[in-house]
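Asker: build me a structure from this.
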Amino acid sequence: MRIAYFASDFHLGAPNEVESKSREKHIVSWLEYAAKDATDIYLVGDVFDFWFEYEKVIPKGYSRLFGTLARLSDQGIQLHFFYGNHDMWVKSYFTEEFNMHIYPEPISLILNGRKIFVGHGDGLGPWDRSYRMIKKILRNRMCQWVFGRIHPNLGLKLASYFSGKSRKSQSEDHKYLGKDNEWLYQYAKQHQASDPHEFYFFGHRHLPLKLEIPQGVYYNLGEWLTFKTFIKMDSHNPIFLQWNGQEAEHFEPKHDSTVSPN
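Answerer: Numbers count the residues shown, from 1 in each chain. Just a heads-up that it's a prediction; the model follows:
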């Protein structure tokens, strides 16, 4: 039996160094908790508010996270990393250092006989056409090569500025929009009609959600700036949990007009 943990949207680096370092400590304590029984840990995108993999330069910070990931990998835990819209410029560093499996796109997996569809969620469905065009440009190797020629001091400053603008534009992050307007729910529902899965795990939306679809359930993992929610999956159904800094507590998403953390 494999025991897997799924979390997304840590947004390390945001909104400032002090708050990011405090959040990083929470994440490290959660990883150490998960390591007690985990066989797999899935980081489902936007682990960083921005990440660019230079050939010889590693962005300053995240030493606690990286040290913990290296130790967990050495213990035999398989680590998984999905591109997010804030950290899609990942190449080989995480694979070389942490033996991570890297996923540029959503994947279908079988975990203890349960069929699960997992991805960050950005650009899915017909509702995000303008972003999908931007995504193609940002994924372009020439674009990445050009950015890599900018000095890291300037490049990281520019990236932090635009990442901050992107987060601020998501004014409805913590507002439940109803099933008709929750686009990742609608994507899961449409996907289910052609390729059924028991469970869908997405990030990106930032709001912890659990909504039924025909013969399945759509989950959004939430984010760690506010909620610190994650999913544990063993041989049974997914368990929605929230990290309080010392231990995990059961979490039940509240689908009201506005959702606040417990």
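
Asker: please, where are all the strands along this structure?
Answerer: With DSSP state E, the ranges of strands along the chain come out as 4-7, 40-43, 78-82, 101-103, 107-111, 114-119, 199-202, 209-213, 216-220, 229-233, 239-243, 248-250.

Asker: which one of those strands lies closest to Glu19?
Answerer: Ranking these by proximity to Glu19 (CB to CB) places strand 239-243 first, at 16.1 Å. Where you see a C-beta, it was placed from the backbone N, CA and C, and this is true even at glycine.

Asker: hmm, back to that, dump the strands of the chain into TSV; add distance to Ile58 and mean neighbour count as well.
Answerer: Rendered in TSV, the data for these read as follows (distance: least, CB to CB, whole Å; neighbours: other CB atoms under 10 Å):
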stretch	distance to Ile58	mean neighbour count
strand 4-7	22	25
strand 40-43	17	24
strand 78-82	16	21
strand 101-103	17	16
strand 107-111	27	15
strand 114-119	26	21
strand 199-202	29	25
strand 209-213	34	17
strand 216-220	31	22
strand 229-233	26	23
strand 239-243	26	18
strand 248-250	31	13
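
Asker: which one of those strands lies closest to Trp30?
Answerer: Across these, the minimum distance to Trp30, taken as CB to CB, is reached by strand 239-243, at 4.7 Å.

Asker: may I have the strands that pair with that closest one, each with its orientation?
Answerer: When sheet partners are counted by DSSP bridges, strand 239-243 sits next to strand 229-233 (antiparallel), strand 248-250 (antiparallel).

Asker: any chance of the ones you listed in TSV, with mean pLDDT and distance to Val18 too?
Answerer: Putting the strands paired with strand 239-243 into TSV (pLDDT from 0 to 100; distance: least, CB to CB, whole Å) gives the following:
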stretch	mean pLDDT	distance to Val18
strand 229-233	98	23
strand 248-250	97	25
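
Asker: can you add distance to Ile27 and give these back as JSON lines?
Answerer: Supplementary listing: the strands paired with strand 239-243 in JSON lines, determined by distance: least, CB to CB, whole Å:
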{"stretch": "strand 229-233", "distance to Ile27": "10"}
{"stretch": "strand 248-250", "distance to Ile27": "13"}
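
Asker: can you give me the helices in the stretch 151-262 of the chain?
Answerer: Assigned by DSSP state H, counting those that start in this stretch, the stretch 151-262 of the chain shows helices spanning 152-168, 183-194.

Asker: and those, which one is worst for confidence?
Answerer: Between the helices of the stretch 151-262 of the chain, the one with the least mean pLDDT is helix 152-168; it has a mean of 65.
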